[in-house]
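S.K.: The following block contains a protein sequence and its predicted model.
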Amino acid sequence: MALPTIAMTPRRFLSPFEIPAAPGCERWEELYAPHIRFGEARRPFEEGRFWFQEALHAPEPLYPFGALVFEWTVAAFNQTSARLFAVPPSLGNEFRILNGYVYISPTSITDEATLARRTELFEVRGGYYYEHWQELYDNWVEKVEAETGTLRVLEVPALPEYEDESIVTAGRGLGTSHLLLAAYDRLLEGLDRVLHYHFELLNLGYGAYLAFYELCRSVFPGIEDRTLASMVAGIDVLVLRPDDELRRLAALARELGIGDLVRRARTETELRAALGGSDAGARWLADYEATKDPWFYFSCGIGVFYHHHRSWIDDPTIPIMTIGAYIGRLAAGEDVARPQAAILAERERVTAEHRELLPEAQRAAFDASLHLARIVFPYVENHNFYVDHRYLTIFWNKLREFGALLATHSFLADGEDVFLLRHDEVRSALEDLRLAWSSGAAAAYGPSHWPTIVARRAEIYEAMRRWSPPPALGPVPEEITDPSTVMLWGITPERLEEWLSSEDGGSSRLTGITASPGLVEGRARVILDSTDAGTLLEGEILVAPTTSTSWTPVFGTIAGAVLDIGGVMCHAAIVAREYGLPAVVGTGTGTKRIKTGDVIRLDADAGVVTILS
């Protein structure tokens, strides 16, 4: 449901305190802790700041438990920027929840003395990481892999009628109820640790790219963002690997002469039934099974904050159908490989062309800055596979085990209801369950308490999903210096002025940021929910609030992409460049002004989208 049109004063979006509760969302506040909501106690602070909707990573309302993951993510991000490496212009982001949706407010530093002090610290601390990048990256992989392994084997114990006799004979002295609470605490502790690892290298990756960006801006006045981005394109990153594996399996099926059998299958059951009777089929199935771990630990949506964005490992429908689509395209004589050679050639051409324009004295600094940006750039996406996809897939499924236990004891009607509880409420329910189970004589409080609360919250959540949140709140800042805000989200004063001046449905022209160059015309398909990505037809232009790396397979089908949010370093921009597809991001209102079936011209060279009919 769209917001009513309300006149705005110049250079100001609506205040968060001017936004009413969405219809059906009354009492939405109970889903979230007070300290992450807008509130009267902090009104002067909150009303005086600029906020933008975090539609890049949180395009849907957060479930109560998912809000914890977001909160701890922000804490880790802020600590890394503000306290650990002292990224000069940024203290990170404030965040709040409004009607279930996340709003972010960057905290930039402009005081010259503070900037100078932080620059000194960053040169030492960030410099150490840049100098030892590969060593530290290898160590990072080991740490995250170890945490993933620990999570995999974490046991959520059942509560039996009688404890196992080995507890007595081994003199262990610890009952199952202790292990239950310890397991839940370890689950959360592991999550917090991995989220800190998530940002250990990430902010430095953005910082290296920003340094190269600023250097080029100073020596090449007027250089376009897409030109800068092309100089670091063509680098293999892990989030492209799952789609590469699907193409490889498609080619293998054709090589083994079983392409038609694989192409007709829609489920793993159908695959095994069709292929199990031949040596070629058995060989392909063995390869398929080996590929699933780790490459099917890949969310079908955003994943990291949303338990319901299941991964390929949970539901392999998307990879199986994608393999079939690739088989069909290969049979038609198409080359389905990513155009990596062409992208690398263009990268080297553009780099050499601009390097030649520099005086000899400036080339060494240009070479060093570009070299560092290319070294650290893969991590900007690689962390996404290790943490956002694989670790969080396992985490959400492990939490489901706690939900199943609570459902077994009638605390919840269904195990999935655990996500409608906050993390502290889950522990409270487990403590209640432990107390009642310990003797077996007393009735637990939870079965008469939580089901009613969960049912009400489920209705509120669905009402929040129907609400259309404004893209931004509060006064437009004069400048934005936080590198992540500009590079990742594409939030600049110029873009905000475009959002303010845009007429909802009143213009056939939208502007945005060039994420990947090119010009194409075609029919638009508006996708508001990642679960509908499978409806895209070959040659259509995707129009969406955002995309994540999990949308990678559709980039082999579409003709281009238009996104409401994002900057030159967002996932969609990076993937579009690697697939050679034109893309414009940061349009603000593309999904509101473009309709499925509209014929649009996507001029990504100019950052302009025109609705033709």
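M.R.: Yep, that arrived. Numbering: from 1, shown residues only.
S.K.: Do you have the helices of the stretch 451-600 of the chain handy? List them.
M.R.: Here the stretch 451-600 of the chain has its helices, by DSSP state H, counting those that start in this stretch, at 483-487, 493-501, 571-579, 590-593.
S.K.: Now do the third one: which elements does it pack against?
M.R.: Looking back up the chat, that one is helix 571-579. Helix 571-579 is packed against helix 225-230, helix 340-356, helix 360-383, strand 513-516, strand 560-563, strand 583-585, with contacts defined by 3 or more CB pairs under 8 Å, 6 or more residues apart in numbering; DSSP states H and E. Every C-beta, even on glycine, is put in place using the N, C-alpha and C of the backbone.
S.K.: Low-confidence stretches in the stretch 251-400 of the chain?
M.R.: Applying pLDDT under 70 to the stretch 251-400 of the chain flags no residue at all.
S.K.: Tell me which stretches of it form helices.
M.R.: Using DSSP H, counting those that start in this stretch, helices in the stretch 251-400 of the chain cover 259-264, 268-275, 279-295, 317-331, 340-356, 360-383, 392-408.
S.K.: re earlier: of the helices of the stretch 451-600 of the chain, which is nearest Ala515?
M.R.: helix 571-579 (3.4 Å; CB to CB).
S.K.: which residues are contacting that closest one?
M.R.: Applying CB atoms under 8 Å, 6 or more residues apart in numbering, the set of residues contacting helix 571-579 from outside is 229-230, 233-234, 237, 239-240, 338-340, 343, 380-381, 384, 515-516, 546-549, 551-552, 555-556, 561, 563, 566-567, 582-583, 585.
S.K.: Assess the claim that Ala265 and Gly281 are in contact.
M.R.: No: using CB atoms under 8 Å, Ala265 makes no contact with Gly281, being 10.8 Å away.
S.K.: Who has more neighbours out of the two?
M.R.: Set Ala265 next to Gly281 and count neighbours by other CB atoms under 10 Å: Gly281 wins out with 21 against 18.
S.K.: So the spatially closest residue to the more buried one that is not a sequence neighbour versus Thr267, what's the distance?
M.R.: Spatial nearest neighbour of Gly281, chain neighbours left out: Leu275 (2.9 Å); criterion: CB to CB, 6 or more residues apart in numbering. Remark: distance between Leu275 and Thr267 (CB to CB, to the nearest Å) = 13 Å.
S.K.: more neighbours, the two?
M.R.: A side-by-side neighbour count of Leu275 and Thr267, using other CB under 10 Å, places Leu275 first with 21 against 13.
S.K.: Report the separation between the more buried one and Pro553.
M.R.: Leu275 sits at a distance of 22 Å from Pro553 (criterion: CB to CB).
S.K.: now swap in Asp225 and tell me
M.R.: Where Pro553 is concerned, Asp225 sits at a distance of 26 Å (CB to CB).
S.K.: cool, and Val599?
M.R.: 25 Å.
S.K.: Among those two, which residue is more densely surrounded?
M.R.: Counted by other CB under 10 Å, Val599 and Pro553 do not tie: Pro553 has more neighbours, with 23 against 13.
S.K.: What confidence value was assigned to that one?
M.R.: Listed pLDDT for Pro553 reads 76.
S.K.: Now do the contacts for it.
M.R.: Taking CB under 8 Å, 6+ apart, one finds Pro242, Asp243, Leu246, Ile318, Pro319, Thr322 in contact with Pro553.
S.K.: residue boundaries of the strands in the stretch 51-200 of the chain?
M.R.: 51-53, 90-98, 101-108 (DSSP state E, counting those that start in this stretch).
S.K.: gap between the second one and the chain center?
M.R.: It stands for strand 90-98. Distance, stretch centre to chain centre, for strand 90-98: 17 Å (CA atoms, centre = their mean, to the nearest Å).
S.K.: pLDDT-wise, which helix or strand of this structure ranks last?
M.R.: Using mean pLDDT, DSSP states H and E, helix 483-487 stands out as the lowest-scoring helix or strand of the chain, at a mean of 73.
S.K.: so Leu249, which of the three states?
M.R.: helix (DSSP: H, G, I helix; E, B strand; the rest coil).
S.K.: Next up, the contacts around the closest residue in space to it that isn't next to it in sequence.
M.R.: Leaving out its chain neighbours, the residue that sits closest to Leu249 by CB to CB, 6+ apart is Ile323, at 5.3 Å. Ile323 makes contacts with Leu246, Leu249, Ala250, Ala253, Val262, Arg263, as judged by CB under 8 Å, 6+ apart.
S.K.: Low-confidence stretches in this protein?
M.R.: 1-10, 481-484, 502-506, 530-531, 549-550.
S.K.: which one in it is furthest away from the centre?
M.R.: Thr169 (48.8 Å; CA atoms, centre = their mean).
S.K.: How much space separates that residue from Glu478?
M.R.: For Thr169 relative to Glu478 (CB to CB), the value is 72 Å.
S.K.: just Gly92 next, same as before
M.R.: For Gly92, the distance to Glu478 equals 20 Å [CB to CB].
S.K.: So the two - more neighbours on which side?
M.R.: Higher neighbour count among Gly92 and Glu478: Gly92, with 23 against 8, using other CB under 10 Å.
S.K.: Identify the residues contacting that one.
M.R.: Contacts of Gly92 (CB under 8 Å, 6+ apart): Val74, Phe77, Asn78, Gln79, Ser81, Ala82, Pro106, Thr107.
S.K.: Equivalent analysis for Phe85, please.
M.R.: With CB under 8 Å, 6+ apart, Phe85 has these contacts: Leu121, Phe122, Arg125, Gly126, Tyr129, Asn203, Leu204.
S.K.: can you pick the most crowded of those?
M.R.: Leu204 (26 neighbours).
S.K.: How about Tyr209: what's its closest non-neighbour residue?
M.R.: Ala373 (5.1 Å).
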